[in-house]
Structure formats: structure tokens, C-alpha cells
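>>> all I have is the shape, not the residue letters:
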Ligand code: GLA
């Protein structure tokens with residue numbers, strides 16, 4: 001078990017960027033950098049014990065700065081979309097940066113994926129970790145309040161990659177943090193993920209309009225291509241989903257805030273399996289629909305459509321404008337907490 005730290009270049013604002021590489025007792029390797037708290041590599045064994053990198057990404061910091069579809073990034077202050085880039089809270093209307101048509105996506109123009117985080121290494125008996133801290137100032141991208149955020153990225157000896165998010169504010173503000181890793185359990189760049197088999201515990205989803213904003217309904221997945229309550233290949237019914245999967249699923253909350261197993265994905269050739277545990281009420285399944293070969297990923301491989309899938313644990317999109325959805329408002333004196341773990345194994 002151990003952690004190494006190396007320089008990874010310079011951010012656009014002149015700050016130096018560090019890359020931390022965490023290794024657990026089983027040889028699993030997780031690399032994360034301080035720019036965007038981005039996961040750059042995650043090497044896990046296949047059924048024969050051979051390590052493979054299961055997350056999409058780039059070789060250099062410059063590539064991440066130039067143009068990335070949020071590969072491996074921390075998303076916030078509000079992951080996913082806020083309609084018309086505006087919301088009203090305690091009778092004050094706030095205007096956010098619009099960066100997805102008229103909507104705000106993943107925190108705006110300079111979200112948490114594009115700032116340099118302060119990092120500190122920690123180690124316990126059964127894990128190695130990096131703790132990232134950042135204070136998003138009052139008015140940042142239009143959001144109210146100084147928001148102090150801590151995210152602990154932990155690699156456990158059970159081959160779990162666990163992220164524990166906490167935050168506190170000095171003014172009421174919406175918050176919704178997630179990680180935008182694109183996975184391919186056969187190995188990043190080896191092909192598409194359509195034959196990966198997915199099980200999702202969600203029995204409902206939040207349908208969206210043509211700008212991907214929820215209509216407020218919670219509809220059953222039964223009888224639709226969104227039903228993964230019985231394991232199914234991601235590609236089996238994708239032709240019936242215009243554009244591919246980009247949907248928020250409503251998770252059955254056991255107890256509010258309790259860590260629950262919500263998804264399992266397996267890939268037959270490698271034998272790799274990933275389980276997803278979260279405290280969150282929602283999960284976005286995104287199948288890399290917008291990847292089109294224009295991003296040259298690690299070792300120069302062009303990432304084509306569906307080369308990766310994301311399972312973004314989250315609160316529902318546009319909650320600040322949707323009174324019937326679970327609240328995403330954090331008030332002074334409260335502590336925001338979200339825990340998500342991606343745990344790896346083989347069959
Ligand atoms: C999320 C969104 C998608 C897309 C990707 C980034 O998954 O739901 O619509 O914006 O991020 O490309």
C-alpha cells in the first residue's frame with residue numbers, strides 16, 4: 001500500500017498541478033490529480049489477475065484543459081442540469097452561467113472540474129486516500145454563499161474506490177456533487193461498452209424534455225428499455241432510446257443517507273465486475289452518447305460513441321426548480337454529505 005506524488009503541469013491560472021498515485025495491498029492503482037480532482041487512471045485486475053485501466057481519460061494535463069467531456073471529473077456545485085440557468089431560493093432569484101444551451105450543466109463555465117484543489121494524503125490500516133479541499137466563493141458561477149467542500153478519495157483494500165463528500169456554506173445554496181468517470185471494464189479504448197451487463201435497482205426514472213430537463217414526473221421503468229432491474233446488456237435495447245441512455249434513475253432509498261448497493265456491471269471477456277454503492281437518491285446512466293472520435297484519449301486512441309459509460313450518483317436534475325423532488329438546499333449550520341463507492345471484483 002502506498003501513495004506517490006508527482007508534478008503534472010500547470011493550470012491555466014498558473015497554479016501547479018499534482019498527480020497522486022494510490023496503490024492498495026492487492027496492486028490496484030488509482031491516479032487522481034489536483035486539477036478538477038480528476039480520476040486519470042484506475043487499474044484493476046481481470047479474472048487472470050492482469051491489471052487494466054478501466055477509466056477513460058487523457059495522457060496530459062493540456063488535453064484535459066483543452067477540451068474534455070468531464071472525463072473522471074468532480075462535478076458541481078450542481079452536477080447535471082438546472083433549467084434556464086436560474087432558480088429562486090428564499091424569494092431571491094439567482095442567475096447562473098448557461099453552458100448547455102439555455103441550461104446550466106455541471107456547475108457552469110468554470111465548475112469544480114476546472115479548479116485546482118488543495119490535496120493532502122492520508123493512510124489508514126485498510127485504505128490509502130487523498131483528501132481534496134476547495135472553497136467556492138460567494139457568487140461563483142452565480143451560486144450564493146462561500147461553500148467549503150472536502151472530498152476524500154479513498155482506495156480500500158477491498159478494491160473499493162470510495163468518495164466521501166462533505167460541504168458547509170454561509171448562505172443557503174443548492175448543492176449536488178458527483179464524479180463523472182467514464183468506465184469500460186474491458187479497458188479504456190478497447191471498444192464500446194454495449195455488451196457490458198448492467199443491473200440497476202431503480203424501478204422509476206425522471207423523464208425529460210428535449211433539453212434534458214425533468215418534466216417532474218417519476219415514471220416506472222417497467223416495460224421500457226430503462227428497466228435494468230433484471231440484468232441486461234447496455235446495448236440490448238439502446239436502439240430504442242433516442243440518442244442513447246442519458247437518464248436519471250430514481251433509487252429505492254432504504255434509509256435516507258444509508259450507503260446502498262444500487263448498480264452492478266459486469267464484462268464477460270475480462271471477467272471484471274463493478275458494484276456501485278451510494279447514499280444518493282438518484283443515478284445518471286450516461287452511455288457516452290456525445291463521444292464521436294474527436295477526443296484522442298490515452299495512448300492516442302480515439303474514443304468513439306459508447307466507448308464508456310458513467311454512473312453518476314446524484315440528486316435529481318433541476319431539483320432547485322422542482323418542489324416535488326428531494327431538496328438539494330444546504331443551509332448555514334448544516335453539513336452536506338454524500339458517499340459513493342465503486343467496488344471491483346471478478347467472476
Ligand atoms: C452528463 C449529462 C450528459 C452530458 C455529459 C457530458 O452525463 O447528463 O447529457 O452532458 O454529462 O458530456
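In hand now; what should we look at? As the structure is a computational prediction, the values presented were derived from the model and not from experiment. Residues are numbered from 1 along each chain as shown.

>>> for this structure, what lies in contact range of the ligand?
When proximity is defined by Cβ under 6 Å from any ligand atom, the chain lies next to the ligand at 69-70, 80, 105, 212, 246, 284, 286, 290, 310, 312. Any C-beta I mention is one placed from the backbone N, CA and C, and that applies to glycine too.

>>> got a winner among these for most neighbours?
In terms of neighbours by other Cβ atoms under 10 Å, these top out with residue 80 at 28 neighbours.

>>> which residues are in contact with the residue nearest to that one when sequence neighbours are not counted?
Distances taken as Cβ to Cβ, 6 or more residues apart in numbering place residue 317 nearest to residue 80, at 4.0 Å, with adjacent residues excluded. Residue 317 makes contact with 80-82, 206, 208, 212-214, 248, 284, according to Cβ atoms under 8 Å, 6 or more residues apart in numbering.

>>> out of the residues you listed, list just those in helices.
Per DSSP state H, helices hold no members of these.

>>> so what's residue 250 up against?
Neighbours of residue 250 in contact, by Cβ under 8 Å, 6+ apart: 202-206, 218, 281-282, 316.

>>> bridged to it, which residues?
residue 204, residue 282 (DSSP bridges).

>>> what's near enough to touch the residue of the chain found nearest the ligand?
Going by Cβ to the nearest ligand atom, the ligand is nearest to residue 286 of the chain, at 3.4 Å. Listed by Cβ under 8 Å, 6+ apart, the contact set of residue 286 reads 245-246, 309-310, 312.

>>> is it correct that residue 216 is in contact with residue 319?
No - counting by Cβ atoms under 8 Å, residue 216 does not reach residue 319; the two are 10.6 Å apart.

>>> related to what we said a few turns ago, relative to residue 193, which of the contacts of residue 250 is nearest.
residue 202 (18.7 Å; Cβ to Cβ).

>>> residue 33 versus that closest one, what's the distance?
32 Å (Cβ to Cβ, to the nearest Å).

>>> so between those two, which is more surrounded?
residue 33 (27 against 23).

>>> find the nearest non-adjacent residue to that one, please.
Closest to residue 33 by Cβ to Cβ, 6+ apart is residue 19, at 4.7 Å.

>>> specify the beta-bridge partners of that neighbour.
The partner residues for residue 19, given DSSP bridges, come to residue 6, residue 33.

>>> just the pLDDT for it.
pLDDT, residue 19: 98.

>>> can you show me the strands along the stretch 51-200 of the chain?
All strands of the stretch 51-200 of the chain, identified by DSSP state E, counting those that start in this stretch, fall at 51-53, 74-75, 81-82, 86-89, 92-95, 104-105, 118-123, 127-136, 147-156, 160-169, 173-174, 178-179, 197-200.

>>> any chance of those strands in JSON lines, with mean pLDDT too?
Shown next, in JSON lines, are the strands of the stretch 51-200 of the chain (pLDDT from 0 to 100):
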{"stretch": "strand 51-53", "mean pLDDT": "98"}
{"stretch": "strand 74-75", "mean pLDDT": "98"}
{"stretch": "strand 81-82", "mean pLDDT": "98"}
{"stretch": "strand 86-89", "mean pLDDT": "98"}
{"stretch": "strand 92-95", "mean pLDDT": "98"}
{"stretch": "strand 104-105", "mean pLDDT": "98"}
{"stretch": "strand 118-123", "mean pLDDT": "96"}
{"stretch": "strand 127-136", "mean pLDDT": "98"}
{"stretch": "strand 147-156", "mean pLDDT": "98"}
{"stretch": "strand 160-169", "mean pLDDT": "98"}
{"stretch": "strand 173-174", "mean pLDDT": "98"}
{"stretch": "strand 178-179", "mean pLDDT": "98"}
{"stretch": "strand 197-200", "mean pLDDT": "98"}
